[in-house]
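S.K.: Quick check, what structure comes out for this input:
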Amino acid sequence: MPKAAITVVALLCLALASAAQAQAISKTVGFRYSEQVSNAPAGACGCFGLQGAAGDLGWNLKQLGGNHGAGLGLAADVGVEHTGSVNGASYGLTLTTLTAGPRFMLPGRKLPSFAQALFGFAHGSGSAFPQNNTLVSSANSFALDLGAGADYSLDKRLTVRLLQLDYLRTSLPNVTTNWQNNLRIGAGLTLHFAR
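M.R.: Down below sits the predicted model:
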(Lines give C-alpha, C1' and ligand atoms only; values in the text may rest on other atoms or scores of the structure.)
Protein backbone atom coordinates (compact mmCIF):
# COMPACT_ATOMS: atom_id res chain seq x y z
CA MET A 1 0.00 0.00 0.00
CA PRO A 2 1.39 3.42 -0.85
CA LYS A 3 2.84 5.47 1.98
CA ALA A 4 0.37 8.22 1.05
CA ALA A 5 -2.58 6.01 2.06
CA ILE A 6 -0.96 5.19 5.41
CA THR A 7 -0.31 8.88 5.96
CA VAL A 8 -3.96 9.74 5.17
CA VAL A 9 -5.26 7.21 7.73
CA ALA A 10 -2.81 8.48 10.37
CA LEU A 11 -3.80 12.09 9.71
CA LEU A 12 -7.50 11.16 9.91
CA CYS A 13 -6.95 9.59 13.33
CA LEU A 14 -5.06 12.68 14.54
CA ALA A 15 -7.76 14.99 13.19
CA LEU A 16 -10.46 12.97 14.95
CA ALA A 17 -8.61 13.20 18.26
CA SER A 18 -8.01 16.93 17.81
CA ALA A 19 -11.66 17.59 16.95
CA ALA A 20 -12.80 15.60 19.98
CA GLN A 21 -10.59 17.66 22.30
CA ALA A 22 -11.71 20.96 20.78
CA GLN A 23 -15.44 20.18 21.00
CA ALA A 24 -15.41 18.63 24.49
CA ILE A 25 -17.47 15.65 23.29
CA SER A 26 -17.74 12.29 25.00
CA LYS A 27 -15.01 9.80 24.18
CA THR A 28 -14.35 6.09 24.69
CA VAL A 29 -11.20 4.00 24.84
CA GLY A 30 -11.59 0.25 24.47
CA PHE A 31 -9.25 -2.73 24.84
CA ARG A 32 -10.20 -6.25 23.82
CA TYR A 33 -8.95 -9.76 23.19
CA SER A 34 -9.70 -10.87 19.65
CA GLU A 35 -9.81 -14.12 17.76
CA GLN A 36 -9.99 -14.24 13.99
CA VAL A 37 -10.80 -16.82 11.33
CA SER A 38 -9.11 -16.09 7.99
CA ASN A 39 -9.12 -17.85 4.65
CA ALA A 40 -5.95 -19.06 2.99
CA PRO A 41 -5.56 -18.55 -0.75
CA ALA A 42 -6.80 -20.89 -3.45
CA GLY A 43 -9.21 -23.81 -3.43
CA ALA A 44 -11.43 -24.80 -0.52
CA CYS A 45 -11.87 -22.75 2.62
CA GLY A 46 -8.37 -23.37 3.91
CA CYS A 47 -9.39 -21.45 7.00
CA PHE A 48 -6.99 -20.82 9.86
CA GLY A 49 -7.22 -18.99 13.18
CA LEU A 50 -5.33 -16.04 14.62
CA GLN A 51 -5.37 -14.60 18.14
CA GLY A 52 -4.42 -11.18 19.42
CA ALA A 53 -5.54 -7.87 20.84
CA ALA A 54 -7.27 -4.76 19.59
CA GLY A 55 -8.07 -1.29 20.81
CA ASP A 56 -10.39 1.46 19.70
CA LEU A 57 -11.05 5.13 20.25
CA GLY A 58 -14.57 6.50 19.85
CA TRP A 59 -16.02 9.99 19.70
CA ASN A 60 -19.75 10.62 20.13
CA LEU A 61 -20.31 13.64 17.89
CA LYS A 62 -24.11 13.88 17.87
CA GLN A 63 -26.61 12.54 20.41
CA LEU A 64 -29.94 11.83 18.72
CA GLY A 65 -32.15 11.37 21.77
CA GLY A 66 -31.33 11.89 25.45
CA ASN A 67 -28.33 10.53 27.34
CA HIS A 68 -29.02 6.93 26.40
CA GLY A 69 -30.44 7.48 22.91
CA ALA A 70 -28.93 6.78 19.53
CA GLY A 71 -25.91 8.76 18.43
CA LEU A 72 -23.52 9.39 15.58
CA GLY A 73 -19.78 9.31 16.02
CA LEU A 74 -16.39 8.38 14.71
CA ALA A 75 -14.11 5.50 15.62
CA ALA A 76 -10.50 4.48 15.07
CA ASP A 77 -9.46 0.85 15.59
CA VAL A 78 -6.11 -0.91 15.70
CA GLY A 79 -5.72 -4.69 15.88
CA VAL A 80 -2.85 -7.17 15.92
CA GLU A 81 -3.53 -10.90 15.46
CA HIS A 82 -0.99 -13.71 15.05
CA THR A 83 -0.69 -17.38 14.16
CA GLY A 84 2.50 -19.43 14.14
CA SER A 85 1.44 -21.52 11.14
CA VAL A 86 -0.94 -21.00 8.22
CA ASN A 87 -2.60 -24.40 7.62
CA GLY A 88 0.48 -26.37 8.70
CA ALA A 89 2.91 -24.34 6.55
CA SER A 90 6.37 -23.45 7.81
CA TYR A 91 5.37 -19.78 8.01
CA GLY A 92 2.82 -17.96 10.11
CA LEU A 93 1.16 -14.56 9.87
CA THR A 94 0.97 -11.42 11.97
CA LEU A 95 -1.84 -9.18 10.73
CA THR A 96 -1.93 -5.56 11.88
CA THR A 97 -4.84 -3.30 10.92
CA LEU A 98 -5.47 0.41 11.40
CA THR A 99 -8.92 1.65 10.38
CA ALA A 100 -11.17 4.66 11.03
CA GLY A 101 -14.66 5.76 10.06
CA PRO A 102 -18.25 6.42 11.16
CA ARG A 103 -19.89 4.71 14.15
CA PHE A 104 -23.64 4.62 14.89
CA MET A 105 -24.52 4.13 18.56
CA LEU A 106 -27.79 2.35 19.33
CA PRO A 107 -29.87 3.28 22.39
CA GLY A 108 -29.57 1.41 25.66
CA ARG A 109 -28.90 2.22 29.31
CA LYS A 110 -27.48 -1.12 30.49
CA LEU A 111 -26.71 -2.68 27.10
CA PRO A 112 -25.53 0.04 24.66
CA SER A 113 -24.50 -1.22 21.24
CA PHE A 114 -23.03 0.14 18.02
CA ALA A 115 -22.45 -0.54 14.33
CA GLN A 116 -19.52 0.86 12.35
CA ALA A 117 -17.91 0.99 8.91
CA LEU A 118 -14.15 1.55 9.13
CA PHE A 119 -11.57 1.91 6.36
CA GLY A 120 -7.79 1.91 6.42
CA PHE A 121 -4.87 -0.40 5.89
CA ALA A 122 -3.57 -3.84 6.80
CA HIS A 123 0.02 -4.99 7.20
CA GLY A 124 0.87 -8.69 7.01
CA SER A 125 4.26 -9.87 8.24
CA GLY A 126 6.13 -13.06 9.09
CA SER A 127 4.45 -14.87 6.21
CA ALA A 128 4.90 -15.65 2.49
CA PHE A 129 3.35 -13.24 -0.01
CA PRO A 130 3.89 -13.71 -3.77
CA GLN A 131 5.43 -10.70 -5.48
CA ASN A 132 7.23 -10.57 -8.85
CA ASN A 133 7.71 -14.37 -9.04
CA THR A 134 9.20 -14.56 -5.57
CA LEU A 135 7.92 -14.74 -1.97
CA VAL A 136 8.31 -11.79 0.39
CA SER A 137 7.76 -11.85 4.15
CA SER A 138 5.56 -8.75 4.44
CA ALA A 139 2.94 -6.83 2.46
CA ASN A 140 0.48 -3.94 2.87
CA SER A 141 -3.09 -3.57 1.64
CA PHE A 142 -6.41 -1.79 1.94
CA ALA A 143 -8.65 -2.91 4.83
CA LEU A 144 -12.43 -2.68 5.23
CA ASP A 145 -13.86 -3.39 8.68
CA LEU A 146 -17.65 -3.67 9.03
CA GLY A 147 -18.64 -4.47 12.58
CA ALA A 148 -20.99 -4.25 15.52
CA GLY A 149 -20.68 -4.66 19.25
CA ALA A 150 -22.57 -4.65 22.53
CA ASP A 151 -21.39 -3.43 25.92
CA TYR A 152 -22.71 -4.06 29.42
CA SER A 153 -22.60 -0.94 31.61
CA LEU A 154 -20.98 -1.45 34.99
CA ASP A 155 -21.17 2.27 35.77
CA LYS A 156 -20.93 5.65 34.03
CA ARG A 157 -17.28 5.23 33.18
CA LEU A 158 -16.79 1.50 32.56
CA THR A 159 -18.49 -1.02 30.30
CA VAL A 160 -17.65 -4.61 29.48
CA ARG A 161 -17.52 -5.28 25.73
CA LEU A 162 -19.54 -8.49 25.77
CA LEU A 163 -19.12 -9.06 22.07
CA GLN A 164 -17.66 -7.34 19.06
CA LEU A 165 -18.08 -9.03 15.69
CA ASP A 166 -16.24 -7.70 12.63
CA TYR A 167 -16.10 -8.68 8.98
CA LEU A 168 -12.60 -7.64 7.92
CA ARG A 169 -11.68 -7.65 4.24
CA THR A 170 -8.05 -7.27 3.22
CA SER A 171 -6.28 -7.41 -0.13
CA LEU A 172 -2.86 -8.83 0.67
CA PRO A 173 -1.16 -10.59 -2.27
CA ASN A 174 -1.89 -14.28 -2.74
CA VAL A 175 -1.83 -16.65 -5.71
CA THR A 176 -5.45 -16.09 -6.77
CA THR A 177 -7.74 -13.10 -6.05
CA ASN A 178 -5.59 -11.01 -3.67
CA TRP A 179 -8.63 -10.77 -1.34
CA GLN A 180 -9.07 -12.23 2.12
CA ASN A 181 -12.31 -12.51 4.08
CA ASN A 182 -11.78 -12.51 7.83
CA LEU A 183 -14.23 -12.91 10.70
CA ARG A 184 -13.02 -11.35 13.95
CA ILE A 185 -14.68 -11.76 17.34
CA GLY A 186 -13.63 -9.98 20.50
CA ALA A 187 -14.46 -9.05 24.10
CA GLY A 188 -12.91 -6.63 26.57
CA LEU A 189 -13.35 -3.37 28.50
CA THR A 190 -14.29 0.17 27.45
CA LEU A 191 -13.61 3.35 29.42
CA HIS A 192 -15.98 6.31 28.95
CA PHE A 193 -14.98 9.94 29.32
CA ALA A 194 -17.93 12.35 29.57
CA ARG A 195 -18.02 15.91 28.28
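S.K.: Where does pLDDT dip in the chain?
M.R.: 1-24, 40-45, 65-69, 195 (pLDDT under 70).
S.K.: Please enumerate the strands of it.
M.R.: Applying DSSP state E to the chain gives strands spanning 26-39, 47-63, 71-83, 93-106, 113-131, 134-153, 158-170, 180-193.
S.K.: now these as a markdown table including mean neighbour count?
M.R.: No exception for glycine: its C-beta is placed from N, CA and C like everyone else's. Rendered in a markdown table, the data for the strands of the chain read as follows (neighbours: other CB atoms under 10 Å):
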| stretch | mean neighbour count |
| --- | --- |
| strand 26-39 | 18 |
| strand 47-63 | 18 |
| strand 71-83 | 21 |
| strand 93-106 | 21 |
| strand 113-131 | 19 |
| strand 134-153 | 18 |
| strand 158-170 | 18 |
| strand 180-193 | 17 |
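S.K.: Endpoints of stretch 172-184, how far apart?
M.R.: Start-to-end span of stretch 172-184 (CA to CA, to the nearest Å) is 17 Å.
S.K.: nope, stretch 98-112 is what I was after
M.R.: End-to-end distance of stretch 98-112 (CA to CA): 24 Å.
S.K.: Next: stretch 56-73.
M.R.: Terminal-residue distance, stretch 56-73 (CA to CA): 13 Å.
S.K.: Distance from it to the middle of the chain?
M.R.: With CA atoms, centre = their mean, to the nearest Å as the basis, stretch 56-73 stands 19 Å off its chain's centre.
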